[in-house]
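Q: Sequence isn't available, so here's the structure alone:
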């Protein structure tokens, strides 16, 4: 799935294509069209952007920063269903279905958004079929990602899911350095646990093992993957 | 989420609306448009319609019967990601992304399909914006369903997932009878286990408990839910 050419770099082949497609940022023309009808909002790390039960009446374009989309169970358990990248649209499905939000959305870094009211966004899709096609591709890619999450939860151990999650972070936002790949996103073990579908304790134990095996190191709260090849052994 | 008014009937409120939306069958006009460019295929129960790795170059309209969509892990574990209903389009996401199939699709009853080549389907979407909008809604609904599966796998016990699965089957294809709701779909415990994300042994044990508690009975291989209210207690 992912090829490691040497201990410090990652070469992503077929899956990289798929992953690039799944980021599906807007091109400059599409962004320009949207900017004409939206207004800006800024969120600090930790702030909630929308909550389950809110009316799904806005689409968001993430101009900068990273956003987690998650659900909260009746018992208060927090389950991540995805991380949204800069350049991506967010909050589409509920708007397209005319339904209330089922998920929460929260800033996991400082975030700037362009907020587009539902009716304006729908008018734009009618006027610009390329935007409608982009929305179709984006929803398709997110569906595939969600199905991959389902498969991972059934078929993979927590250790494998955590390793895969870190590999995906490398791919999405990793900075290649001379000493491995740096993920400059400050996530607590609790947040990682919610994103991997396990407990905080399990994440802490596994990260300790990864540290002992010289796979990762923490630099403040950023993570550096110094041996992606060894991390890959945990994915399989 | 689901209201039971008495022991043998189910009243579905807000979630029924959502579920009805998620079935999202085509209207007669849309079906007619599609019928002009597709050809028919028939499958027996158990036959594979498409397989992971196949080129995603056809969209399918299910004219009759029920289809499961599933993935198979490297270790051969089979994980269901959804059941597709009569009247629904299937195989959309890979076609929209221009990618190979990631899932398998298999007939879980006798199935009649209309098969539409990718290019024909895309031309139809260009010519008929209402069809493109239906595709957007369908993908949105499936994304929400897949995210609900993710949440269920993390937050619910196998018993709760099995009860919820049976409730969903009631809603999708149940026949209301004087003695409960009959689900006339012949699924093995192995198949149910794949759909619920657990083992065959667990499904067998749980079904035995449901039988002992007079919640379900088997009639041949069809299941009758005689006490949906009691089944609901297992969902929560």
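A: Everything's here; your move. In this text, all values refer to a predicted model and were calculated from it rather than measured experimentally.
Q: Was I right to think residue A:211 contacts residue A:225?
A: No - look at residue A:211 against residue A:225 with C-beta atoms under 8 Å: they stay out of range, at 11.4 Å. C-betas here are computed from N, CA, C, even on glycine.
Q: more neighbours, those two?
A: Ranked by neighbour count (other C-beta atoms under 10 Å in any protein chain shown), residue A:211 and residue A:225 place residue A:225 first, with 26 against 12.
Q: For the residue sitting nearest the centre point of chain A, give me its contacts.
A: What sits nearest the mean C-alpha location of chain A, by C-alpha atoms, centre = their mean, is residue A:83, with 1.7 Å. Applying C-beta atoms under 8 Å, 6 or more residues apart in numbering or on different chains to residue A:83 gives the contacts A:66, A:67, A:68, A:69, A:108, A:169, A:172, A:195.
Q: Equivalent analysis for residue A:81, please.
A: Residue A:81 touches A:69, A:70, A:71, A:103, A:146, A:149, B:147, B:150, B:151, counting by C-beta under 8 Å, 6+ apart.
Q: Skipping its backbone neighbours, what lies nearest the fourth one in space?
A: The spatially closest residue to residue A:103, leaving aside those adjacent along the chain, is residue A:69, at 5.0 Å (C-beta to C-beta, 6 or more residues apart in numbering or on different chains).
Q: you'd agree that neighbour is in a strand?
A: Yes - per DSSP: H, G, I helix; E, B strand; the rest coil, residue A:69 lies within a strand segment.
Q: That one and residue A:90 touch, don't they?
A: Yes - using C-beta under 8 Å, residue A:69 makes contact with residue A:90 at a distance of 7.1 Å.
Q: got any residues that touch both of those two?
A: Common contact partners of residue A:69 and residue A:90 (C-beta under 8 Å, 6+ apart): A:84, A:105.
Q: Output the lowest mean pLDDT helix or strand found in chain A.
A: Here the helix or strand of chain A ranked lowest by mean pLDDT, DSSP states H and E is strand A:2-6, holding a mean of 39.
Q: show me what contacts the residue nearest to residue A:235 when sequence neighbours are not counted?
A: Distances taken as C-beta to C-beta, 6+ apart place residue A:163 nearest to residue A:235, at 4.5 Å, with adjacent residues excluded. Under the criterion of C-beta under 8 Å, 6+ apart, the neighbours of residue A:163 are A:231, A:232, A:234, A:235.
Q: can those go into JSON lines with extra columns for secondary structure, neighbour count and pLDDT?
A: JSON lines is the format used below for the contacts of residue A:163 (DSSP: H, G, I helix; E, B strand; the rest coil; neighbours: other C-beta atoms under 10 Å in any protein chain shown; pLDDT from 0 to 100):
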{"residue": "A:231", "secondary structure": "helix", "neighbour count": "25", "pLDDT": "95"}
{"residue": "A:232", "secondary structure": "helix", "neighbour count": "18", "pLDDT": "93"}
{"residue": "A:234", "secondary structure": "helix", "neighbour count": "20", "pLDDT": "94"}
{"residue": "A:235", "secondary structure": "helix", "neighbour count": "18", "pLDDT": "90"}
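Q: Next, format the residues you listed as a markdown table and append distance to residue B:56.
A: As requested, those are exported to a markdown table (distance: C-beta to C-beta, whole Å):
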| residue | distance to residue B:56 |
| --- | --- |
| A:231 | 30 |
| A:232 | 27 |
| A:234 | 30 |
| A:235 | 25 |
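Q: Closest to chain B out of those residues?
A: residue A:235 (10.7 Å; C-beta to the nearest C-beta).
Q: correct me, but the closest one touches residue A:168?
A: No - taking contacts as C-beta under 8 Å, residue A:235 lies outside contact range of residue A:168: 10.0 Å.
Q: Local confidence estimate at residue A:1?
A: With respect to pLDDT, residue A:1 has a value of 34.
Q: my read: residue A:173 touches residue A:66, true?
A: Yes - counting by C-beta under 8 Å, residue A:173 does reach residue A:66; the two are 7.0 Å apart.
Q: Report how many residues lie close to the residue nearest to residue A:103.
A: The burial count for residue A:69: 21, using other C-beta under 10 Å.
Q: Now do the contacts for it.
A: Residues counted as contacts of residue A:69 (C-beta under 8 Å, 6+ apart) are A:80, A:81, A:82, A:83, A:84, A:90, A:103, A:104, A:105.
Q: My reading is that the second one lies in a strand. Confirm?
A: Yes - under the criterion used here (three-state DSSP), residue A:81 sits inside a strand.
Q: Which parts of chain A are strands?
A: All strands of chain A, identified by DSSP state E, fall at A:2-6, A:9-12, A:39-43, A:48-50, A:58-64, A:67-72, A:78-84, A:89-90, A:104-107, A:111-117, A:175-177, A:180-183, A:216-219, A:222-225.
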